[in-house]
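Visitor: here is the input, now give the coordinates:
(chains A and B)
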Amino acid sequence: MNAQADPPWSWNLVADLHEMLSYPFMVNAFRAGTIVAIVAGVVGWFMVLRKQTFAGHTLAVSAFPGATAATLLGVSATAGYFSFALAAAIVIAFASRPSRGHRGGINEESAVVGTVQAFVLACGFLFARLYPGFLNSVNAPLFGSSFAITNTQVVTLGLVAVAVLAVLATIGRPLLFSSIDPDVAAARGVGVRAQGFVFLVILGAAAAEASQIAGALLVFSLLVMPAATAQRLTARPATSVTLAIVFGLLATWGGLFLAYYQPYPLGFCISSFSFGGFLLAHLFTAPRRRRPERPMAAALPIGVSS
Amino acid sequence: MTHETLVAAGLLSQPFMQHALLAGTATALAAGLTGYFLVLRAQVFTSDALGHVAYTGALGALAFGVDARVGLIVATVATACAMAGLGLRARPDDVAIGSTFAWILGLGSFFLTLYTTRRSAGDGTANITYLFGSIFGISSSQAALVAWIAIGVCVVMAFIARPLLFASIDEAVAAARGVPVRLLGVGFLVLVGIVCAESAQTVGGLLLLGLVAAPAGAAHRLTARPYVGLLLAAGIGVVSMWAGLAVSYYVSDVPPSFAILCAATLAYLAAAAAPRRRPLIPGTANPSDAWSASHSSGV
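Guide: All right, here's what the predicted structure looks like:
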């Protein structure tokens, strides 16, 4: 993180930024951060709406064994991140059957997700232990460091981002419908289960992207907090998604800017900005009497169907 | 003596193994008991959050030169109280919990940097210890303290198990019958906080979730009887702990935390693969139904 010893800080922010961007690694960090903030903002918005934060957290931490396994095997970290996140998404999708409809049944999904999460973290620990450079291989994937991102990584991040956004654009409208009211959506012929599966895979890809910037443990700062802040501020889906992207971008850029000037991990800087926004939104808006999705359901045109 | 008993005697004669067994068994027991209720009350995510908070507490204490165990217990119990306080008015949702603990974890990484840069005496492995545990490195006095605290949690759990079951399954009816539902909820979360602080020392702040969720999930799969389920959860936790410790003792490349979590996950998989349990009472398929069916006539 400290590629150069204490770069000079001046109050002339434009000059600071100009100086910062003269380093190729900072340019790549800003490129990657921008791509990731956009994808995480959109996918995270749906995740918060669908109340799948625990599953999202589990997919994000599966980036940790991905990164350590890649280091151990000597393959590219990107491949490790994506393959483990996608594998975890498929396991969660198959292991947790929808509990809807069981009368008063206990929700086993949380036990499944919790077990998967602890197990993948333990695997990551094992891989890191087996690798000789033990200590260094633990902190970066957990707490984030985007100051060593290569051009190839930026291209990969961009391609995956385009794919994720394309899939979301195709299924976005019916997905919004089924996220708000799965029963009615199913009755109208929306493939709720298939959508849930596709969404988990997308979420896995987005979490893998975000963990390359913010670190596996701090992915929530890009995936959850901007979306939660946006949904607190407005009930209109389009405005809300746009706001989530804007908040994510601001937190990422602010975090990169801050992390450049001091030794603390990038993930901490990004999560502080995101959490600050989340707190401000909660302090300065009146708590809604009703759940946010109610007005959203009302805002949805009647004729929506797949 | 046969060869096997000699090998087992060798394992048990090592002091570090005795300490690990003492601390591990006690925390697994407490984690299994509280985990059963966490799954029943759909609060598994809360224990996840508390585990992360434990890490930040430990690193924060180290950064300011205090005993890490003080940081652990203060952080988890304070967070548990805060969550319970929020829960009195409105159940805190997963988004609020998730956003808060992600930032608290970020704070942990901040303390880590502070600790490793400011204190030259600080060793870099403290980070690993509280993230992933170091049960083989636990001293005899540490192990004894962990065991006493965990056994205390178990005793309290045994006392509150019955009213807590009632309150978890049907809060409104329990409140109407005079069960102190709110007090139980707060007390239970504080107990979970203590369990997380103790488990963070054995399997680590990130992995204690598995010790809580996997045995309890398996028990919920295997039986609908609440008390049998509670004992089963504790039993599966303890057996996973023993199996993990033994495997890690004989295979030196495998860290104990991984072996313990692996055993617990296998137990859950085995329970999930087992044929679906028969309902205890016809028409009921889960503890809440079994409980209400068996108590609706009696009380």
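Visitor: any idea whether residue B:271 is helix, strand or coil?
Guide: Classification of residue B:271 by DSSP: H, G, I helix; E, B strand; the rest coil places it in helix.
Visitor: likewise for residue B:141?
Guide: Three-state assignment for residue B:141 (three-state DSSP): helix.
Visitor: now it: how far from residue B:194?
Guide: 18 Å (Cβ to Cβ, to the nearest Å). From N, CA and C alone the C-beta is placed, and that goes for glycine too.
Visitor: the two: who's more crowded?
Guide: Taking neighbours as other Cβ atoms under 10 Å in any protein chain shown, residue B:141 and residue B:194 compare with residue B:194 leading, 23 against 9.
Visitor: for that one, which non-adjacent residue is closest in space?
Guide: residue B:153 (5.6 Å; Cβ to Cβ, 6 or more residues apart in numbering or on different chains).
Visitor: list the contacts of that neighbour.
Guide: Contacts for residue B:153 (Cβ atoms under 8 Å, 6 or more residues apart in numbering or on different chains) come out as B:30, B:33-34, B:191, B:194-195, B:198.
Visitor: how many neighbouring residues does residue 151 have?
Guide: Since you didn't name a chain, this refers to chain A. 11.
Visitor: meant chain B, my bad for not saying
Guide: If you count neighbours by other Cβ under 10 Å, residue B:151 ends up with 14.
Visitor: after the helix or strand hosting it comes which helix or strand?
Guide: Element membership for residue B:151 (DSSP states H and E) is helix B:140-169. Following helix B:140-169 in sequence order, the next helix or strand is helix B:171-176 (DSSP H and E).
Visitor: got a list of contacts for that next one?
Guide: Identification of contacts with helix B:171-176 by Cβ under 8 Å, 6+ apart yields B:163, B:166-167, B:181.
Visitor: give the full set of residues in contact with the residue nearest to residue B:223 when sequence neighbours are not counted.
Guide: For residue B:223, ignoring the flanking residues on the chain, the nearest one in space by Cβ to Cβ, 6+ apart is residue B:229 at 5.0 Å. Listed by Cβ under 8 Å, 6+ apart, the contact partners of residue B:229 are B:36, B:219-220, B:222-223, B:287.
Visitor: now tabulate the residues you listed in a markdown table and tack on neighbour count, pLDDT and secondary structure.
Guide: Shown next, in a markdown table, are the contacts of residue B:229 (neighbours: other Cβ atoms under 10 Å in any protein chain shown; pLDDT from 0 to 100; DSSP: H, G, I helix; E, B strand; the rest coil):
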| residue | neighbour count | pLDDT | secondary structure |
| --- | --- | --- | --- |
| B:36 | 30 | 93 | helix |
| B:219 | 30 | 92 | helix |
| B:220 | 23 | 89 | helix |
| B:222 | 19 | 89 | helix |
| B:223 | 21 | 87 | coil |
| B:287 | 28 | 53 | helix |
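Visitor: can I get the residues you listed in TSV with distance to residue B:159?
Guide: Converted to TSV, these look like this (distance: Cβ to Cβ, whole Å):
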residue	distance to residue B:159
B:36	15
B:219	20
B:220	22
B:222	25
B:223	22
B:287	19
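Visitor: just give the number of residues close to the nearest residue to residue A:151 once chain neighbours are set aside.
Guide: Of all residues not flanking residue A:151 in the chain, residue A:28 sits nearest, at 6.7 Å (Cβ to Cβ, 6+ apart). Using other Cβ under 10 Å, residue A:28 has 19 other residues around it.
Visitor: surely residue A:28 meets residue A:152?
Guide: No - counting by Cβ atoms under 8 Å, residue A:28 sits too far from residue A:152 to count as a contact (10.1 Å).
Visitor: and the nearest residue to residue B:140 once chain neighbours are set aside, how many neighbours?
Guide: Of all residues not flanking residue B:140 in the chain, residue B:19 sits nearest, at 5.4 Å (Cβ to Cβ, 6+ apart). Neighbour count of residue B:19, defined by other Cβ under 10 Å: 22.
Visitor: shouldn't residue B:19 be in contact with residue B:139?
Guide: Yes - Residue B:19 is within contact range of residue B:139, at 6.7 Å (criterion: Cβ under 8 Å).
Visitor: residue A:131 and residue A:73 touch, don't they?
Guide: No - Residue A:131 is not in contact with residue A:73 according to Cβ under 8 Å; the separation is 9.6 Å.
Visitor: so how far is chain A from residue B:177?
Guide: 18 Å (Cβ to the nearest Cβ, to the nearest Å).
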